[in-house]
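kindly generate the corresponding structure for this input.
(one chain, ligands or ions: 1)
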Amino acid sequence: MFQEILKTIQAFDTVIIHRHGRPDGDAIGSQVGMQQIIKENFPAKQVYMVGDNPGFYGFIEGSRMDTIPDSTYHGALAIILDSGSRSMINDDRYQLAARTIRFDHHIFCEKIADLEIIDTSFESCCGLITEFAVQCDLKLNLIASKALFTGMITDSGRFRYDSTNSRTFRLASKLMEQPIDTNELYRTLYADDFSAKLLKAKFILKIRFTENNVAYIYTTKQELQELNVDTFTVSRGMVGTMSDTRGVDIWVNFTETEAGVLCELRSSKYNINPIAVKYGGGGHAKASGATVADKETAMAMLADLDAMIGENK
Ligand SMILES: [Mn+2]
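Residues are numbered from 1 along each chain as shown. You can find the predicted model right below:
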């Protein structure tokens, strides 16, 4: 499969790289990594990156997005990264491309591209792209290595989550052949503003528990307004305040928005993905999300998570 993908990339003069919106370290890392790999090994090609602002991950060198007209897609190859479903992909103009390739490590839910390599055994899309580069004997420059290493770190919880294995370290070791300053990277990734620490403290005080010790936080629309921070900071950003609590194996963060109640589900032990899928969401075995219509549905999901622990007691 890697060889077929390589041949396809070689066949196009223009490549446009997509990834999911509201990007995390893996989305930006894999996008920059892929762009740098193609530029480094095939300098004659035009390689563009599109998508919304990298936000916090704008610190990754080479992460400036390109603004391109629709016409750039004519006769071009689009590569979609780190996106489990069509709705996740930022900038749906990938459909205008002559051919499409997808690299992903989310649980498969639909075919999107002409050529797809989906492997959930990879901790990160960055890991999958690094393996692609290694197997195809492609050169990895410093910018690519730093970007790919960053995504590997953020998606594996710094080599902590389940999917971390000897291959992860072999690939990380390959990337570390370039002089990556890990001290600087970790300082950037893990330092919090004091205001963020205060926000976390507020959320820690909001944690509640079900009968079987599922930890949860429920933020109403009004509370969200009063906090004066964006939805994502609350929904995705605060779910971690419940992690690493002794005796808590499943935790979920509910945030009421105009679009419905955002649910961020996490576990250190159970596969909570089927419950996210049941409520129209998706993601990974131990980290999934869904958006449900109202509080009642959110509480039904919470009851399902609680029952999951009850059944496994
Ligand atoms: Mn990822």
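
I'd say Lys269 and Asp249 touch.
Yes - Lys269 lies in contact with Asp249 (C-beta atoms under 8 Å); the separation is 4.2 Å. Every residue, glycine included, has its C-beta placed from N, CA and C.

contacts only, for the residue of the chain found nearest the ion.
When scored by C-beta to the ion, the chain has Asp26 as its residue closest to the ion, at 3.4 Å. By C-beta atoms under 8 Å, 6 or more residues apart in numbering, Asp26 lies in contact with Asp82, Ser124, Cys125, Cys126, Gly151, Met152, Thr154, Asp155.

anything in the lowest-mean-pLDDT helix or strand in the chain near the ion?
Least confident helix or strand, the chain: strand 282-283 with a mean of 89, by mean pLDDT, DSSP states H and E. No - judged by C-beta under 5 Å from the ion, strand 282-283 and the ion are separated, with a smallest distance of 9.8 Å.

domains in the protein, by residue range?
2-190, 196-311 (automatic domain parsing).

tell me which of those domains is the most buried.
domain 2-190 (a mean of 19; mean count of other C-beta atoms under 10 Å).

and that one, end to end?
34 Å (C-alpha to C-alpha, to the nearest Å).

right, and Ala76 touches Ala98 too?
Yes - counting by C-beta under 8 Å, Ala76 touches Ala98, with 6.1 Å between them.

correct me, but Gly282 touches Asn273?
Yes - Gly282 lies in contact with Asn273 (C-beta under 8 Å); the separation is 7.1 Å.

what is in contact with these two at once?
Here Gly282 and Asn273 have Ile107, Ser288 as joint contacts, going by C-beta under 8 Å, 6+ apart.

about what we covered before: which of the contacts of Asp26 fall within helices?
Cys125, Cys126, Gly151, Met152, Thr154, Asp155 (DSSP state H).

strands of the stretch 1-150 of the chain, residue ranges please.
14-19, 46-49, 77-81, 99-104, 115-118 (DSSP state E, counting those that start in this stretch).

so which elements touch the last one?
When you say that, I think you mean strand 115-118. Applying 3 or more C-beta pairs under 8 Å, 6 or more residues apart in numbering; DSSP states H and E, one finds that strand 115-118 makes contact with helix 2-11, strand 99-104.

6 Å instead?
Contact here means 3 or more C-beta pairs under 6 Å, 6 or more residues apart in numbering; DSSP states H and E; on that basis strand 115-118 packs against strand 99-104.

what angle do the strand it packs on and strand 14-19 make?
Angle, strand 99-104 to strand 14-19, by axes from the mean of the first three to the mean of the last three C-alpha atoms, to 10 degrees: 30 degrees.

understood, closing this out.
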